[in-house]
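Novice: Starting from these lines, generate the structure:
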Amino acid sequence: MNSRQHVRGSTWCNVLRLLGIAAALTLLSSCDDEDFFGDPVFFTEIASGSQGTVNRRSIEIIRNQSDYEQVYFSNHSAADEPPEVDFDEERVIALFMGPGPDVNDIEVTDVTRRGDSLEVEITVTSVRPDCPMPDQVSRPYQIVSLAHEDRIILIRENLELADCPTTTDDDTDPMDLLD
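Specialist: Next up is the predicted model:
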């Protein structure tokens, strides 16, 4: 191969690269920002805790007052009045992790409108597998409300591993905690 063929070959490669970049930019420019980046959706925490009463992992979309009260009162005393929700304007999402010594928390961390869907991001905080398991069993839950929209609700779950809990025994050597 002579140097002239090499130059011509690299010129064609550069032309193809530029065409590829131009095509990619054209495709990206036709994307709707809402579809690509999403639009944040405001949500409000109604209740949360570490000792819910639901004994299974579940995510419930609540669309009416009677279902809302049933879920709310199953985790709160009858003396507590549930926060008001207008189901013509709002929906409620209830998250339950069920019993387990290794799960510390569950929470909605973000809601984004993207295309014809609402993406609800959930973070589950769990104790690392190498940690000693606590004796107490927790049942974390959270109940949130957000504006009602006729969109598909997609759930995206993230797992976050927490540091091992420190012991409070007086017999523990502080140097053992450094290992």
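Novice: any weak-confidence spans in the protein?
Specialist: Along the chain, segments meeting pLDDT under 70 span 1-36, 77-78, 167-179.
Novice: Please, where are all the helices along it?
Specialist: In the chain, the helices defined using DSSP state H lie at 3-29, 33-36, 65-75.
Novice: burial of Leu95, as a residue count?
Specialist: 24 (other C-beta atoms under 10 Å). Placement of C-beta: from N, CA and C, glycine included.
Novice: what bridges to it?
Specialist: On the basis of DSSP bridges, Leu95 is bridged to Ile59, Gln142.
Novice: how near is it to Pro40?
Specialist: 19 Å (C-beta to C-beta, to the nearest Å).
Novice: And for Cys164?
Specialist: Cys164 is 34 Å from Pro40, by C-beta to C-beta.
Novice: ditto for Pro132
Specialist: Pro132 is 39 Å from Pro40, by C-beta to C-beta.
Novice: likewise Tyr68?
Specialist: With distances defined as C-beta to C-beta, the gap from Tyr68 to Pro40 amounts to 24 Å.
Novice: More neighbours: which of those two?
Specialist: Counted by other C-beta under 10 Å, Tyr68 and Pro40 do not tie: Tyr68 has more neighbours, with 24 against 10.
Novice: need the contact list for that one.
Specialist: Residues in contact with Tyr68, defined by C-beta atoms under 8 Å, 6 or more residues apart in numbering, are 62, 82, 85, 87, 92.
Novice: let's see 6 Å
Specialist: Contact analysis of Tyr68 by C-beta atoms under 6 Å, 6 or more residues apart in numbering lists 62, 85, 92.
Novice: ok, and the closest non-adjacent residue to Glu149?
Specialist: Once flanking residues are discounted, Glu149 sits nearest to Leu118: 6.3 Å by C-beta to C-beta, 6 or more residues apart in numbering.
Novice: okay, now that neighbour: neighbour count?
Specialist: Residues near Leu118, counting by other C-beta under 10 Å: 23.
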